[in-house]
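# below are the sequence and a predicted model for it; my questions follow.
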Amino acid sequence: GRKTTNFILKAQRKVKVDAPPFYFVSKWVRHAFAFFSLLDGDAERGALLVSNNLKTNLFTMTNDELQSKTIAFLRFPLIVGVVLIHCYYKELPIGGVKIPVMDEYPIYKLIADLFSQVLARTAVPLFFLISGYLFFYKSSFSWPMYDSKLRKRAQTLLLPYLFWNGALVGLHLLIELLFPSVLSGEVKPVLDYGWCDWWDIFWAREPSEPGGMPMPINCPLWFIRDLMVLVVFSPLVYAMVRYLRQYALALLGFLWLIYDGASTPGLSPTAWFFFSLGAFYSVHRRNFVVEMRPLLRGAALLYVVLALADLLSKELGWNVYVHNVGILVGCVFAISLSAYGLEKALWRTNSFLEGASFFVFASHVIVQIFIYRLILWFFRSSTEWAIIGIYFGVALGAILICLAFYAMLQRFLPWFLSPITGGR
C-alpha cells in the first residue's frame with residue numbers, strides 16, 4: 001500500500017539513485033526475504049533490507065572507480081598528517097623561558113613521537129606515490145606528451161610554489177615593519193636579503209638543525225620542489241620503470257631504506273623511490289589499490305608491530321630501518337583500509353575537503369605562526385597536559401582556520417583561489 005511505497009522510495013533515496021521498478025523483480029532471489037517482509041506488512045524492515053541490498057549489489061564500484069575514490073579520500077587525512085609533522089616542537093617558550101619539552105615531559109614526547117614521527121610520516125611518501133601514478137596515468141610517454149605535461153605542471157606546481165613561498169616572505173616583511181621585536185634575532189631581515197638569500201628562500205635554506213633537509217622558506221613546499229625536479233626528469237623515470245622494471249625499484253628502494261639525514265635538494269631518495277613506484281604501476285597499467293586491498297589484515301598487524309618498534313627505538317642507531325619499513329607498510333595499510341571503508345560504505349569522499357587539501361598544505365605554516373603564538377600567550381601553564389594541549393591545539397586551529405579561509409575564497413574570490421592552488 002501507500003506506506004510500503006513510501007518506505008521503498010525512502011530506501012531508493014538513501015542510496016541516492018532512482019532504482020528501476022523491475023530491479024525488485026529481477027533480483028528476487030537475493031531480495032526474497034525483503035519482499036516477504038514487505039508483503040507481510042513489515043514495510044520498514046523490508047525497505048531497509050532492500051536499501052542494503054541496493055547498496056551492496058546494484059552500485060558496486062568498478063576497480064578504476066575504487067582507485068579514484070581511494071586517492072580522493074586519502075588527500076585530506078594525509079594533509080592532516082603533514083600538519084602534525086610541523087607541530088613537532090622540541091622547545092617551547094613559556095613565560096619567556098625556552099623549555100626543552102621533549103626532555104622534561106615524557107608523556108608529551110611519546111604522544112608527539114607517535115603522531116608526528118611515526119603515523120604522520122606515511123603522508124609525504126604516499127603523496128609521491130600518488131603523484132607518480134597520476135603523472136603517467138593512461139598516457140603513453142612521448143616527447144609531445146612530455147612538453148604538454150611540463151606546461152601543465154608550470155601552472156599546477158610552479159605558480160603555487162612561487163606564490164606561497166612569496167606569501168611567507170611578505171608576511172615576514174610585514175611583521176618586521178609593524179612589529180620589529182617579534183622576529184628580532186630569529187631570522188635575517190627581508191630588507192637585508194642578497195641574491196644568495198633569495199635563492200635560498202625559494203629553493204633550499206640551510207636547515208635549522210644539523211642533518212636536516214634544506215627547504216624553502218615555506219618548508220612543506222619541499223615536496224613541490226622535489227616533485228618539479230621529478231617532472232623534469234620524468235623521461236628517465238619512465239625509462240627505468242618501463243625497461244628495468246623491478247630492478248630499478250629495488251635499487252631506488254634500497255637507497256631509500258638506508259637513507260638517514262639530509263639530501264641534495266630535488267634528489268631526495270624518498271621522492272625518487274615513491275614517485276617511481278607510482279609510475280611503475282601506472283606505466284604497466286596496474287591498479288595499485290586492487291593489488292593492495294587484499295593485504296589489509298596482514299598490513300594492519302605488521303604496521304602495529306612496526307609502529308610500536310619505531311616509537312620505542314627512536315634513540316637507537318638502527319631505528320632508520322624500522323622507521324622506513326614501517327612507512328612502506330603504512331602506505332599499504334592506508335590504501336587498503338581506505339579502499340575497504342569505501343567499498344563497505346563506512347565512509348565516503350568529501351569534495352570540499354578534497355578540494356581544500358592543497359590550500360591547507362600550502363598555507364598551514366603561515367597560519368601556524370599566529371596560532372602558535374596565540375596559544376602560547378593563552379596557555380601560561382607549563383604542565384605536561386598544557387603542553388599536550390598546545391600540540392593538538394596548534395594543529396586543529398591551523399586546519400580549521402585554513403578551511404575557513406578556503407571556503408571564503410571559494411565563495412567570494414574563486415578567480416584568485418584557482419591559480420594559487422594550481423586549479424585544484
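Yes, it's here. Nothing here was measured: the structure is a model prediction, and the numbers come from that model. Numbers count the residues shown, from 1 in each chain.

# who's in contact with the residue nearest to the spatial centre of the chain?
Nearest to the geometric centre of the chain sits residue 78, at 2.3 Å (Cα atoms, centre = their mean). By Cβ atoms under 8 Å, 6 or more residues apart in numbering, residue 78 lies in contact with 122-123, 126-127, 334, 357. C-beta coordinates here come from the backbone N, C-alpha and C atoms, glycine included.

# pLDDT weak spots in the stretch 51-200 of the chain?
Scanning the stretch 51-200 of the chain with the threshold set as pLDDT under 70 gives 51-59, 95-96, 181-186.

# and if we set it to 50?
Scanning the stretch 51-200 of the chain for pLDDT under 50 picks out 51, 53-58.

# all strands for it, in order.
92-94, 97-99 (DSSP state E, counting those that start in this stretch).

# quick one, which of these gets closest to residue 361.
Counting by Cβ to Cβ, residue 361 lies closest to strand 92-94 out of the strands of the stretch 51-200 of the chain; the figure is 24.3 Å.

# just give me how far that closest one sits from the chain centre.
29 Å (Cα atoms, centre = their mean, to the nearest Å).

# how about the nearest residue to residue 240 once chain neighbours are set aside, what does it touch?
Excluding the flanking residues, the one nearest residue 240 by Cβ to Cβ, 6 or more residues apart in numbering is residue 248, at 3.8 Å. With contact set as Cβ under 8 Å, 6+ apart, residue 248 has these partners: 240-241, 276.

# so can I have a markdown table of these showing secondary structure?
Formatted as a markdown table, the contacts of residue 248 follow (DSSP: H, G, I helix; E, B strand; the rest coil):
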| residue | secondary structure |
| --- | --- |
| 240 | helix |
| 241 | helix |
| 276 | helix |
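
# now, which of the residues you listed sits nearest residue 422?
Of those, the one sitting nearest to residue 422 (Cβ to Cβ) turns out to be residue 276, at 22.4 Å.

# contact partners for that closest one?
With Cβ under 8 Å, 6+ apart, residue 276 has these contacts: 132, 237, 240-241, 248-249, 252.

# most neighbours, which of those residues?
Sorting the contacts of residue 276 by how many neighbours each has (other Cβ atoms under 10 Å) puts residue 132 first, at 28 neighbours.

# my guess is that residue contacts residue 282. True?
Yes. Residue 132 lies in contact with residue 282 (Cβ atoms under 8 Å); the separation is 7.0 Å.

# next, count neighbours for residue 178.
8.

# against residue 172, how distant is it?
To residue 172, residue 178 is 11 Å away according to Cβ to Cβ, to the nearest Å.

# likewise for residue 201?
9 Å.
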